[in-house]
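S.K.: Just need the structure, nothing else, for what follows:
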Amino acid sequence: MTSPGRVNRGPRAAADNRAALIAAARKVFASSGFDAPLSSIARTAGVGQGVLYRHFPSRDAIALAVFDENIAEVEALAADPETRVDTVLEVIVEQITASAAFVAMLRPTGSEPRLLAVAERFDALIAKKLADPAQRGDLDSALDAADVVLAVAMLANVLSESDPSARGEIAQRAWHLLRHGLAPR
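M.R.: All right, here's what the predicted structure looks like:
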């Protein structure tokens, strides 16, 4: 039985529910951190917990979906050979600022192999951008992908520990400092 005002659309709603859950997870993780109750995600998406667990049986599974969407956006941007790595990194910083949960995904430590695979996609796209001098932008030629990923992870850690209302300003200041540190000497 559905609650008043809600119409059960059945299986036709699956794609919409999944998209709503991913958007809600991004929002809840950003405001409450990666350990936020999954019930908050379901409530924010406007679905029951059963729907959440039908789509995402674990916290790692929904985090993976959020991370995968973020990486897909970055990969689409990075696919353009005219896009320099610093532009790609700026989008990543924007994503981190909006979603503190993305931070934990940069260096996953859990047992979810799919999470590790997406993290490897991130590493590979940074390495590919750095390998082309035209796409490398203003980054020091001595830096490799591991250095850049470490710098982004450091920024991500700072943002994950900061007050959500101050994240935008902190991200701008920290990114300015990091870009300065990544520039050629």
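
S.K.: what about residue 120, distance to residue 34?
M.R.: 20 Å (C-beta to C-beta, to the nearest Å). The way it works is simple: take the backbone N, C-alpha and C, and place the C-beta from them, glycine included.

S.K.: Who has more neighbours out of the two?
M.R.: Taking neighbours as other C-beta atoms under 10 Å, residue 120 and residue 34 compare with residue 34 leading, 18 against 11.

S.K.: my guess is that one meets residue 63, correct?
M.R.: Yes: assessed by C-beta atoms under 8 Å, residue 34 is found in contact with residue 63 at 6.9 Å.

S.K.: Please enumerate the helices of the protein.
M.R.: 14-32, 38-45, 49-55, 59-78, 85-98, 101-106, 113-131, 133-136, 145-160, 167-182 (DSSP state H).

S.K.: what's the most buried one of these?
M.R.: helix 101-106 (a mean of 24; mean count of other C-beta atoms under 10 Å).

S.K.: model confidence over it, on average?
M.R.: Averaged over helix 101-106, pLDDT sits at 56.

S.K.: Contact partners for residue 148?
M.R.: Contact analysis of residue 148 by C-beta atoms under 8 Å, 6 or more residues apart in numbering lists 85, 89, 126, 130, 139, 182.

S.K.: let's see it at 10 Å
M.R.: Taking C-beta atoms under 10 Å, 6 or more residues apart in numbering as the contact definition, residue 148 lies against 85-86, 88-89, 92, 123, 126-127, 129-130, 139-140, 178, 182.

S.K.: Least confident secondary structure element in the protein?
M.R.: helix 101-106 (a mean of 56; mean pLDDT, DSSP states H and E).

S.K.: Low-confidence regions, this protein specifically.
M.R.: 1-11, 99-112 (pLDDT under 70).

S.K.: So it: which segments form each domain?
M.R.: 10-55, 59-182 (automatic domain parsing).

S.K.: next one: the shortest one to chain centre, how far?
M.R.: Relative to its chain's centre, domain 10-55 lies at 16 Å (C-alpha atoms, centre = their mean, to the nearest Å).

S.K.: With the last one instead?
M.R.: Using C-alpha atoms, centre = their mean, the mean C-alpha position of domain 59-182 is found 8 Å from that of the whole chain.

S.K.: Contact partners for the nearest residue to residue 171 once chain neighbours are set aside?
M.R.: Counting by C-beta to C-beta, 6 or more residues apart in numbering, residue 171 lies nearest to residue 97, which is 4.2 Å off, once chain neighbours are set aside. Contact analysis of residue 97 by C-beta under 10 Å, 6+ apart lists 30, 155-156, 159, 162, 164, 167-172, 174-175.
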